[in-house]
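Colleague: sharing a model prediction with you, sequence too.
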Amino acid sequence: MISLARLAMRGPLFAAGLAAALVLASLLLGVLLIPAGALVALTTLRHGPREGLKVAAIAASLVVAVRLGMGHALPAALLLCLVAWLPAWLMAELLRQRRAQAWPLLLAAALVLGFAVAMRLAVGDVVAYWREVFAPVFAALEKDSGTKFDQAELAAFASLLHAGSLAGLQMMLAAEILLARWWQAVLYNPGGFGAEFRELRLPRGLAIAGGVAALAYGFGGREALGFAVAGDACVILVVLFALQGLAVIHFLARMRSLAVGWLATMYVMLVLVPQVTGPLLATTGLADNIADFRRLRRRQTP
């Protein structure tokens, strides 16, 4: 991965070509959108917004040319480029100006929330939408296993799919800007990424906003757009606070000189059982947002 960043820093044509190739490859392996966006973000962090936009424009031209040559529609190719590079460019410019990782993560959360609102306005019932999208999968499962899913089970699963799509999008955008910042630190400021990440702290008011959103979703009419969006906001906030929880864990591991194996175990658990580890990290981040454990720890440490 570092070799990829070094090659991209040789010039805008290198960066654009690599970013375009990764976006095209992401049509087969979606996770490649992360390094594709990170390359544009890295260029923006290192050389400024104009160079980042230049790389994104060249890469988009390459992607559009290839997709049109393969017989695909122009709007779909342009949408793919916008999703891949516009958020990364915006987050990188905000991080370059503010020099704190919380700000691009908040911007990513706002973008995902805007996507959630647009989706609800476009399709209406998101549960019905996801049920229709995955209807062939449900039918195949019923045919293979002989198990008949009732409507309540299908609705619950479709609701989880919607929440998972928002969490996945939020994590993808966060991974883009964090990967770009790590690349920048490794190439030009060794150790800088870890020091900056351990200081990741979301605004205090975000805990209050999370509480209001949870109450609105829990006690409001979930069919209404406002209350449904409050539920979407809760999902996005869980991801944000989980990232702050990660920063707290890394800070405490650094202060107590814990072995790398402890952190490695945590990340393995996060991959294997995210439904358990994620909420635990979010709870840690929420508690730190209220009590500021890191400031207290510094006061106790001579």
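Modeller: Sure thing, it's come through. Residues are numbered from 1 along each chain as shown.
Colleague: buried stuff in stretch 110-122?
Modeller: Across stretch 110-122, burial judged by 16 or more other Cβ atoms under 10 Å covers 111-113, 115-117, 119-120. All C-beta spots, glycine's among them, are computed from the backbone N, C-alpha and C.
Colleague: could you do stretch 164-178 as well?
Modeller: For stretch 164-178, by 16+ other Cβ under 10 Å, it's 165-167, 169-178.
Colleague: output it in PDB with nothing but the alpha carbons.
Modeller: Only the C-alpha atoms of stretch 164-178 are listed here, as PDB (Å, rounded to 0.1, in the frame of the first residue of the first chain):
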ATOM      1  CA  GLY A 164     -25.800  -1.800   7.400                       C
ATOM      2  CA  SER A 165     -25.600   0.100   4.200                       C
ATOM      3  CA  LEU A 166     -25.400   3.400   6.000                       C
ATOM      4  CA  ALA A 167     -22.800   2.100   8.500                       C
ATOM      5  CA  GLY A 168     -20.800   0.600   5.600                       C
ATOM      6  CA  LEU A 169     -20.800   3.900   3.600                       C
ATOM      7  CA  GLN A 170     -19.800   5.800   6.700                       C
ATOM      8  CA  MET A 171     -16.900   3.400   7.400                       C
ATOM      9  CA  MET A 172     -15.800   3.500   3.700                       C
ATOM     10  CA  LEU A 173     -15.600   7.400   3.800                       C
ATOM     11  CA  ALA A 174     -13.800   7.300   7.100                       C
ATOM     12  CA  ALA A 175     -11.300   4.700   5.800                       C
ATOM     13  CA  GLU A 176     -10.600   6.800   2.800                       C
ATOM     14  CA  ILE A 177      -9.500   9.900   4.700                       C
ATOM     15  CA  LEU A 178      -7.700   8.000   7.500                       C
END
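Colleague: in what helix or strand does the residue nearest the centre of the chain lie?
Modeller: When Cα atoms, centre = their mean is applied to the chain, the residue found nearest the centroid is residue 171 (2.2 Å). Taking DSSP states H and E as the criterion, residue 171 maps to helix 151-188.
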